[in-house]
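>>> Would you be able to build a 3D model of this:
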Amino acid sequence: MNDLALLLTPEGRALLDEVRDTDPARELAVATRLRREHPAELVSAALGQARLRQRAAVKFGAEDAGRMFFTPNGVEQSTRASVAAYRARRLADSGVTSVADLCCGIGGDAIALARAGIRVLAVDRDPLTAAAARANAGALGLADLIEVREADVMQVDTAGYDAVFVDPARRGGRGRIFDPEAYSPPLSWAVSAARRAPHAALKVAPGIPHEAVPEEAEAEWISDGGDVKEAVLWFGTEPGAVRATLLPGPRTLLSRGLPDPGVRPPGRYLYEPDGAVIRAHLVAEVADRVGGGLLDATIAYVTADTLRPTPYATAYEITDHLPFNVKRLKALLREREVGTLTVKKRGSAVEPEELRRKVKPQGPHAATVFLTRVAGAPAMLIGHPA
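Presented below is the predicted three-dimensional model:
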């Protein structure tokens, strides 16, 4: 708290501007110089904040990150701005004008909601985190739309708000928490809070079991740039709906309740579904779009004879299908002068780096090898992006 208070003073803000682009390798020299003119505590706080802002630029963009205030946990646990903006648009498009943002962290979601024109009550029980959220609302000119309250979210009255957004803590002292009832607050409490509001969105880990999704909720898995970021349970939208949304876009694939695709021999093309599609159990929808089947009943690789581009999967043209054999792979890559080898795997215990060391790729050409199973048998498929 003291560090943040120091940084919010005129001297602190000026020092933050001065150290904005400090190279971490030069921190000691910069700190030594600045301590001749400023208190050591303030210099340390400014340099620490500069490091956090540099890390946060990936999630928030350089312009916003350069004006915001972060805690180490805040940088780690904040929602990527593109994902928060997408969620905020969905709420605004549903007619939501006010949201109780519970477990607001340093305010990333509150900022996105306010920028969508929504009035926000942002609540967090940690004093430093709440102070950072309040500072960020002011720094980005959104203080009129964001009220920050330091409180236990389980004690906050959300009556009068159009929607509730809950982002429970999913990390503990030992790392990530996988049991939804071990979230803080537990998922069951978040669901009860959602049921009391006209609309609600609960952010959960993308690995949430499908059977843990309440019947009246819509479940959405979101990826950004190919990386799965989160799952969201929506209330007040389409009960029972399941979707995968890919950003940028957005592009959304809805479940049609298709049966699992059949297993078939490898075709000319292999399709690797986006991670959000896999988490949402929508591989059947991709297989239907491309006219394909599965290489193996337990693995999310789709194969087909024709190329049908889809945003929901990356297509590769397959040139070789071999039983798993490192010596054969090494000989084939040497013959084709492959020096750049991308290794992808599903259903294989072989680690990509281990395989690269063994085959020692050399040459001007590139290839992709898939280590997987075909109808239960270990196999290698070699090809390139289609």
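>>> what comes up buried for the helix or strand harbouring A14?
For A14, the element it lies in under DSSP states H and E is helix 10-19. Neighbour-count burial for helix 10-19, counted by 16 or more other CB atoms under 10 Å, picks out G12, L15, L16, V19. All C-beta atoms are positioned from the backbone trio N, CA, C, and that covers glycine.
>>> Now do that helix: everything it contacts.
Residues outside helix 10-19 that contact it (CB atoms under 8 Å, 6 or more residues apart in numbering): L6, L7, V30, L34, H38, L42, V43, A45, A46, L47, Q49, A50.
>>> in the stretch 101-250 of the chain, which segments are predicted with low confidence?
For the stretch 101-250 of the chain, residues meeting the criterion pLDDT under 70 lie at 172-174.
>>> Apply 90 and report the result again.
The stretch 101-250 of the chain contains residues with pLDDT under 90 at 169-185, 249.
>>> any idea where the helices of it begin and end?
Assigned by DSSP state H, counting those that start in this stretch, the stretch 101-250 of the chain shows helices spanning 108-115, 127-139, 187-195.
>>> Just name the most buried of those.
Of all those, helix 108-115 has the most neighbours on average by mean count of other CB atoms under 10 Å, namely a mean of 27.
>>> would CSV of the buried residues of helix 10-19 with distance to V326 be doable?
Below are those laid out as CSV (distance: CB to CB, whole Å):
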residue, distance to V326
G12, 58
L15, 56
L16, 54
V19, 51
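>>> In terms of distance to G117, which of those ranks first?
The closest of the buried residues of helix 10-19 to G117 turns out to be L16 (CB to CB; 29.4 Å).
>>> Show me the residue at the heart of the chain, geometrically.
K229 (1.8 Å; CA atoms, centre = their mean).
>>> Span of stretch 304-314 from start to end?
13 Å (CA to CA, to the nearest Å).
>>> got the contact list for it?
244, 246, 249, 251, 253, 267-269, 271-274, 277, 282, 285-287, 289-293, 302, 315, 317, 385-386.
>>> tell me how far it is from the chain's mean position?
24 Å (CA atoms, centre = their mean, to the nearest Å).
>>> Going by neighbour count, list what's buried in it.
Buried, per 16+ other CB under 10 Å, within stretch 304-314: A304, T310, Y312, A313, T314.
>>> any chance of the helices of the stretch 101-250 of the chain in JSON lines, with distance to T97 too?
As requested, the helices of the stretch 101-250 of the chain are exported to JSON lines (distance: least, CB to CB, whole Å):
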{"stretch": "helix 108-115", "distance to T97": "10"}
{"stretch": "helix 127-139", "distance to T97": "18"}
{"stretch": "helix 187-195", "distance to T97": "18"}
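>>> Please list all residues in contact with L8.
The contact partners of L8, by CB under 8 Å, 6+ apart, come to F69, A135.
>>> confidence score at it?
For L8, the model assigns a pLDDT of 94.
>>> what does stretch 355-373 rub up against?
270, 295-296, 298-299, 301, 316, 324, 326, 329-330, 333-334, 336-348, 350, 352, 378-385.
>>> Any of these buried? List them.
270, 295-296, 299, 301, 316, 324, 329, 333, 336, 338, 341, 343-348, 379-383.
>>> Keep only those of those residues that are in helices.
Those of the buried ones among the contacts of stretch 355-373 mapping onto helices are L329, L333, per DSSP state H.
>>> Can you report how many residues lie near Q155?
8 (other CB atoms under 10 Å).
>>> Kindly report the same for the one 10 residues further on.
F165 has 32 neighbouring residues, counting by other CB under 10 Å.
>>> for it, what are its contacts?
Contacts of F165 (CB under 8 Å, 6+ apart): R87, L91, V99, A100, D101, L102, D109, L113, A200, A201, L202, K203.
>>> Run through the bridge partners of it.
Judged by DSSP bridges, the bridge partners of F165 are D101, A201.
>>> So which residues of the stretch 51-200 of the chain form strands?
98-102, 119-124, 146-150, 163-166, 171-172, 175-176, 199-204 (DSSP state E, counting those that start in this stretch).
>>> helices or strands up against the longest helix along the chain?
Ranked by residue count, the top helix of the chain under DSSP H comes out as helix 40-60. For helix 40-60, the packing partners by 3 or more CB pairs under 8 Å, 6 or more residues apart in numbering; DSSP states H and E come out as helix 2-7, helix 10-19, helix 27-34, helix 62-65, helix 72-77.
>>> Just put those helices in a markdown table and tack on distance to T129.
Below are the helices and strands packed on helix 40-60 laid out as a markdown table (distance: least, CB to CB, whole Å):
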| stretch | distance to T129 |
| --- | --- |
| helix 2-7 | 10 |
| helix 10-19 | 19 |
| helix 27-34 | 25 |
| helix 62-65 | 17 |
| helix 72-77 | 6 |
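>>> quick one on the thing from earlier: which of the buried residues of stretch 304-314 sits closest to V153?
Using CB to CB, these come closest to V153 at Y312, 35.3 Å.
>>> any idea how far that closest one lies from W221?
According to CB to CB, to the nearest Å, Y312 and W221 sit 12 Å apart.
>>> and what of A14?
44 Å.
>>> Check L128 too.
L128 sits 32 Å away from W221, going by CB to CB.
>>> what does P186 give?
P186 is 21 Å from W221, where distance means CB to CB.
>>> Of those two, which one has the most company?
Applying other CB under 10 Å to P186 and W221 shows that W221 carries more neighbours, namely 27 against 15.
>>> Please tell me how far that one sits from A169.
20 Å.
>>> Can you get me a residue count around R373?
The burial count for R373: 18, using other CB under 10 Å.
>>> switch to numbering from 246
With the count now opening at 246, the last piece we talked about shows up as R618.
>>> element containing it, please.
Going by DSSP H and E, R618 is part of strand 610-619.
>>> just how off-centre is that strand within its chain?
On CA atoms, centre = their mean, the centre of strand 610-619 falls 26 Å from that of its chain.
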